[in-house]
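**Q** Predicted model, plus sequence, below.
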Amino acid sequence: MKTFQEFGLEPKVLRAITEMGFEESTPIQEKTIPLAMEGRDLIGQAQTGTGKTAAFGIPLVNKINIAEERISALIMCPTRELAIQVAEEIEKLGRFKGIRSLPIYGGQDIVKQIRALKKKPQIIIGTPGRLLDHINRKTIKLDDVRTVILDEADEMLDMGFMEDIQSILSLVPEERHTMLFSATMPANIQKLAQQFLSNPEHVSVIPKQISAPLIDQAYIELHEKQKFEALSRLLDMEAPELAIIFGRTKRRVDELAEALQKRGYAAEGLHGDLSQNQRDNVMRKFRDGSIDVLVATDVAARGLDVSGVTHVINFDLPQDPESYVHRIGRTGRAGKEGTAWTFVTPREIDHLHFIEKVTRHRINKKPLPSLAEAIEGKQKMTAERILDVMQNETHAEFKGLAIQMLEQYDSVNLLAAAMKLLTGEKKEVEIELTPEEPIRARKKKFDVRSSGRRVGGGGGYGNSGERRYDRDRQGGGGYGNNSGSRYPRKDGGREYGSRDGEGRSSSNRNREYGNGGNRDRSRAPRKNEETLVNK
Ligand SMILES: Nc1ncnc2c1ncn2[C@@H]1O[C@H](COP(=O)(O)OP(=O)(O)OP(=O)(O)O)[C@@H](O)[C@H]1O
Ligand SMILES: [Mg+2]
């Protein structure tokens, strides 16, 4: 692998890379950095957690002229959390050069953003809805933008951002450098690329299997009613450092987070109905380890990079293979190993096999963890915690009492009692979750939903032509914290194309929600889709 010295980057950029602890480039970086430095348009595809952000971030900060007082680059991301995270990485890469970058996303005070924009950032990282908002208010001008990057472009299309992206790109001068990145590249991306990229190089470092190789993948077949018990046993048995649990709907996430808290786990939920403040808080707590279980809808499936995530658990099977790949890709990142468990109800087995087929990866079946295994796992954890304290020498003040007690009592009994205390009793709280409908295996009759109905047709990995639109889509949450409430909630709050953006006029409403308007004229109403899938 190439070292970063070999790319001919500016010393200040190299220094930033070194400070970030990167020694060698990853394969996608090695391939794309030279092309991007030549100004070639490109489509970059590489497995989750392999450094795509720096693959576009490094050449971008390298080429920015810091004397410029105008927006010269635009990065678009599907979710707010991702915009914040990408902005942080760009900030780190550009700090020695003194690059000014700014994240722009819905849910954040627009006046604050307008103030920050006055500082003339060179790079804007935003979600399409809020970006368009600023463009309409003329607080963002794109006349001087020379570089555009679309991160997770397929997701932005799925969320119904096509029109917004088109409107935004139509305002960027045609003389520009455009790059598009994702771990998965469904067929519709080709269409977008044709429209907006000029003679792009397709850089793919996807080997035979699309999911990251360092993820140990397993599934457990169980009934809906067994899921919660299985989850808590799994958490006890595996003792994750940090875990992300994916649920299908907002209701599911709320119920699950609450249930886990009742059982004594440090868990919180993340979905698009929360206010931006709540979302930021949950992410902050998860990143700093004050909670160790994040329960989330697919809002957390894409791009999020939190170090220490050892486990991903699909409490509900994801709707499609892309979603599966991105969800489990929250672990096994940057050369670290990870474990992904997926719960599958008997009626969903065919759908699981479909995911295996498309991702070209066998997912091993494992038995339900037994109570004995869970208890054993918890005890092991306690032992590890004790040894940790002992090795770190932070227990000196207890030594006197320990000696006294050991003179009076048997050492094995003493230690066992202390361990029992530390392990804690499981709180036996009755948990009842609202059941979710199983995901049906794809049948030919659904094909009609993909052929020609969305831009470029459907097509996961170009081999099936089938794709669903009804998954728990969200990105922005839209309209502060209550966008979801305008949808019928009998589905538990699935976040159909819940949008980013805020404060636009009501005449825009249809467009805003990506649901009733003519955002994608080729689509049939979502309602029918929901019926098709959920019955
Ligand atoms: N050359 C490198 N050496 C070491 N670590 C790196 C290198 N490049 C990136 N990383 C780190 O790897 C992690 C994953 O990177 P990143 O989030 O860019 O992955 P990604 O390919 O965009 O994944 P996803 O498909 O999930 O969005 C980050 O923590 C990043 O800082
Ligand atoms: Mg990424």
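**A** Ah, there it is. Ligands and ions are numbered 1, 2, ... in the order given.
**Q** element containing the residue of the stretch 251-400 of the chain found nearest ligand 2?
**A** Nearest to ligand 2 in the stretch 251-400 of the chain, going by CB to the ion, is residue 303, at a distance of 3.9 Å. C-beta here means a position set from N, CA and C on the backbone, and glycine is covered the same way. Using DSSP states H and E, residue 303 is not contained in any helix or strand.
**Q** Now for the nearest residue to it once chain neighbours are set aside, how many residues are close by?
**A** Spatial nearest neighbour of residue 303, chain neighbours left out: residue 82 (4.4 Å); criterion: CB to CB, 6 or more residues apart in numbering. When counting by other CB atoms under 10 Å, one arrives at 27 neighbours for residue 82.
**Q** which is the next helix or strand following the helix or strand harbouring residue 82?
**A** Following DSSP H and E, one finds residue 82 within helix 80-94. The helix or strand immediately downstream of helix 80-94 is strand 101-104, counting by DSSP H and E.
**Q** Now tell me what touches that next one from outside.
**A** 83-84, 86-87, 90-91, 94, 113, 116-117, 119, 121-127, 130-131, 134, 140 (CB atoms under 8 Å, 6 or more residues apart in numbering).
**Q** contacting residues for the residue in the stretch 151-300 of the chain positioned nearest to ligand 2?
**A** Of all residues in the stretch 151-300 of the chain, residue 151 sits closest to ligand 2, at 5.9 Å by CB to the ion. Residues touching residue 151, when contacts are defined by CB under 8 Å, 6+ apart, comprise 52, 53, 56, 75, 76, 77, 78, 82, 86, 181, 182, 303.
**Q** Just the ones of the residues you listed in helices?
**A** In this view, those that belong to helices under DSSP state H are 52, 53, 56, 82, 86.
**Q** Break the chain down into its structural domains.
**A** 4-205, 211-444 (automatic domain parsing).
**Q** Including mean pLDDT, could these go into TSV?
**A** Below are the domains of the chain laid out as TSV (pLDDT from 0 to 100):
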stretch	mean pLDDT
domain 4-205	95
domain 211-444	92
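**Q** Any idea how many residues pack against residue 419?
**A** Residue 419: 15 neighbours (other CB under 10 Å).
**Q** Just give the nearest non-adjacent residue to it, would you?
**A** residue 382 is the one closest to residue 419 (CB to CB, 6+ apart), at 5.0 Å.
**Q** burial count for residue 139?
**A** For residue 139, using other CB under 10 Å, the count is 15.
**Q** now residue 5
**A** Residue 5 has 11 neighbouring residues, counting by other CB under 10 Å.
**Q** what's the distance between the residue lying closest to it once chain neighbours are set aside and ligand 2?
**A** Closest residue in space to residue 5, ignoring its immediate chain neighbours: residue 14 at 6.7 Å, by CB to CB, 6+ apart. Distance of residue 14 to ligand 2, computed by CB to the ion, to the nearest Å: 22 Å.
**Q** is stretch 31-46 anywhere near ligand 2?
**A** No. For a cut-off given as CB under 5 Å from the ion, stretch 31-46 has no contacts with ligand 2; the smallest distance is 9.2 Å.
**Q** let's number from 502 now, not from 1
**A** Okay, using 502 as the starting number, the last item reads as stretch 532-547.
**Q** and that stretch, which residues are buried?
**A** With burial defined by 16 or more other CB atoms under 10 Å, the residues of stretch 532-547 counted as buried are 532, 533, 534, 536, 537, 541, 542, 543, 544, 545, 546, 547.
**Q** What's the separation between the last one and residue 553?
**A** Taking CB to CB, to the nearest Å as the measure, residue 547 falls 6 Å from residue 553.
**Q** Please enumerate the shared neighbours of the two.
**A** In contact with both residue 547 and residue 553: 529, 684, using CB under 8 Å, 6+ apart.
**Q** can you count the residues close to the residue of the stretch 502-651 of the chain found nearest ligand 2?
**A** Nearest residue of the stretch 502-651 of the chain to ligand 2: residue 553, at 4.6 Å (CB to the ion). Neighbours of residue 553 under the rule other CB under 10 Å: 25.
**Q** circling back to that earlier point, could you save the buried residues of stretch 532-547 as CSV and add columns showing distance to ligand 1?
**A** Converted to CSV, the buried residues of stretch 532-547 look like this (distance: CB to the nearest ligand atom, whole Å):
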residue, distance to ligand 1
532, 13
533, 11
534, 10
536, 17
537, 14
541, 19
542, 19
543, 15
544, 14
545, 9
546, 9
547, 6
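**Q** can you give me the end-to-end distance of stretch 639-654?
**A** Stretch 639-654 has an end-to-end distance of 25 Å (CA to CA, to the nearest Å).
**Q** same thing with stretch 663-683?
**A** Where stretch 663-683 begins and where it ends lie 16 Å apart, using CA to CA.
**Q** swap in stretch 542-559?
**A** So stretch 542-559: terminal residues 15 Å apart, CA to CA.
**Q** Around ligand 2, which positions in this structure sit nearby?
**A** Residues of the chain lying near ligand 2 (CB under 5 Å from the ion): 553, 804.
**Q** what's the helix ranked longest in the chain packed up against?
**A** Of all the segments of type helix in the chain, defined by DSSP H, the longest one is helix 872-892. Judged by 3 or more CB pairs under 8 Å, 6 or more residues apart in numbering; DSSP states H and E, helix 872-892 is in contact with helix 728-739, helix 912-924.
**Q** Just the CA atoms of the first one, as CSV, please.
**A** Only the C-alpha atoms of helix 728-739 are listed here, as CSV (Å, rounded to 0.1, in the frame of the first residue of the first chain):
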residue,chain,number,x,y,z
LYS,A,728,-36.5,-11.5,20.2
PHE,A,729,-36.2,-9.4,23.3
GLU,A,730,-35.1,-12.3,25.5
ALA,A,731,-32.6,-13.4,22.8
LEU,A,732,-31.3,-9.8,22.6
SER,A,733,-30.7,-9.4,26.3
ARG,A,734,-29.0,-12.9,26.4
LEU,A,735,-26.8,-12.0,23.4
LEU,A,736,-25.8,-8.7,25.0
ASP,A,737,-24.9,-10.6,28.3
MET,A,738,-23.1,-13.4,26.5
GLU,A,739,-21.1,-11.2,24.1
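**Q** circling back to that earlier point, which pair in the contacts of residue 652 has the greatest spatial separation?
**A** Greatest spacing in the contacts of residue 652, by CB to CB: 557 and 579 (15.2 Å).
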